[in-house]
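1. take a look and give me a structure for this.
(one chain, ligands or ions: 1)
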Amino acid sequence: MRIAVMASGTGSNLQVLLDTVHGRDGITVAGVASDKPGALALERAAAAGVPTRVFPRADFADRRARDAAIADWLDELGVGLVVLAGYMAILDGAFIARFAGRIVNVHPSLLPAFTGLHAVQQAVDYGVKVFGVTVHFVDEGVDTGPVILQDSIVLENAVDADAVLAALRPLEHRLLPEAVRLVAAGAVRADAGVPRRMLIRRDP
Ligand code: GRF
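-> All right, here's what the predicted structure looks like:
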């Protein structure tokens, strides 16, 4: 399966995908798209020999036009799965419809708690004791799509969001590649009775 990664920032999750998924089990990272011209993620992709393209919002009439251009490029690349790895822009509904059921995102909270921006800060401010990471399919809502994998850690005295995010990094870096492998292998399917509930098939 050919996959694309979309990233706006440092791209540590992209790096793990390049290091542990790209070129294995029939999975190729075929391209990396970003909305941010200077994103470190683009350098990581280039260093791995993966094609990159930047789609700055200012180059397009509106978000819909920008996202249509991204979708056209992903189709040219023959991409079957789109991975949002720190892609910080909201995607247009037409983009999501075009790749329906084929977009996954990694989010630093135990969804459905703490959607949207600054999820870890929201959790710290709420005073929760269990923090976590969710990999989920993307639907038209913000962090509302079907959950694929989650993992958690207990932090009883979390006061600093940056420290919590650092503690969550290893979970993200394990969970996202695992979810991509499972989806690419066809091991994630919707429960017939409750379609938003994903069932995972683990090979023995
Ligand atoms: C991660 O914390 C992810 O959960 C969120 O954006 C961040 C991306 O980090 N969606 P990186 O660019 O992969 O280092």
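2. spell out which parts of this structure neighbour the ligand.
-> 7, 9-14, 85-86, 106-108, 172 (Cβ under 6 Å from any ligand atom). Every C-beta, even on glycine, is put in place using the N, C-alpha and C of the backbone.
3. which one of the residues you listed is nearest residue 54?
-> For the residues of the chain next to the ligand, the closest approach to residue 54 (Cβ to Cβ) belongs to residue 7, at 10.9 Å.
4. what number of residues lie near that closest one?
-> By the criterion of other Cβ atoms under 10 Å, residue 7 has 29 neighbours.
5. again with residue 89
-> Around residue 89 there are 17 residues (other Cβ under 10 Å).
6. which other helices and strands contact the helix or strand encompassing residue 163?
-> Taking DSSP states H and E as the criterion, residue 163 maps to helix 161-184. In this structure, helix 161-184 packs against helix 12-20, strand 81-84, strand 103-107, helix 119-126, strand 130-137, strand 147-154, with contacts taken as 3 or more Cβ pairs under 8 Å, 6 or more residues apart in numbering; DSSP states H and E.
7. most proximal residue of the protein with respect to the ligand?
-> For the chain and the ligand, the shortest gap (Cβ to the nearest ligand atom) falls at residue 86, measuring 2.6 Å.
8. so that residue touches residue 5, yeah?
-> No - applying Cβ atoms under 8 Å as the test, residue 86 and residue 5 come out as separate, 9.4 Å apart.
9. who's more crowded, these two?
-> The neighbour comparison of residue 86 against residue 5 (other Cβ under 10 Å) goes to residue 5, with 32 against 21.
10. what distance do you get for that one to residue 35?
-> With distances taken as Cβ to Cβ, to the nearest Å, residue 5 is found 13 Å from residue 35.
11. spell out which helix or strand contains the residue sitting furthest away from the middle of the chain, please.
-> Distance from the centre of the chain peaks at residue 157, with 28.1 Å (Cα atoms, centre = their mean). In the assignment (DSSP H and E), residue 157 maps to no helix and no strand.
12. phi and psi next, for it.
-> Dihedral angles of residue 157 (phi, psi; degrees, to the nearest 10) stand at phi -130, psi 50.
13. quick one: contacts for the spatially closest residue to residue 203 that is not a sequence neighbour?
-> Once flanking residues are discounted, residue 203 sits nearest to residue 187: 7.6 Å by Cβ to Cβ, 6 or more residues apart in numbering. Residues near residue 187 by Cβ atoms under 8 Å, 6 or more residues apart in numbering: 200, 201, 202, 203.
14. mind listing what's buried in the helix holding residue 163?
-> If you call a residue buried by 16 or more other Cβ atoms under 10 Å, then helix 161-184 has these buried ones: 161, 164-165, 168, 171-173, 175-184.
15. helix or strand right after that helix?
-> Using DSSP H and E, the next helix or strand after helix 161-184 towards the C-terminus is strand 188-190.
16. would you tell me what the next helix or strand after that following strand is?
-> As assigned by DSSP H and E, the chain's next helix or strand after strand 188-190 is strand 198-200.
17. and that next one, what's buried?
-> Across strand 198-200, burial judged by 16+ other Cβ under 10 Å covers residue 198.
18. give me the helices and strands touching that strand, please.
-> strand 147-154, strand 188-190.
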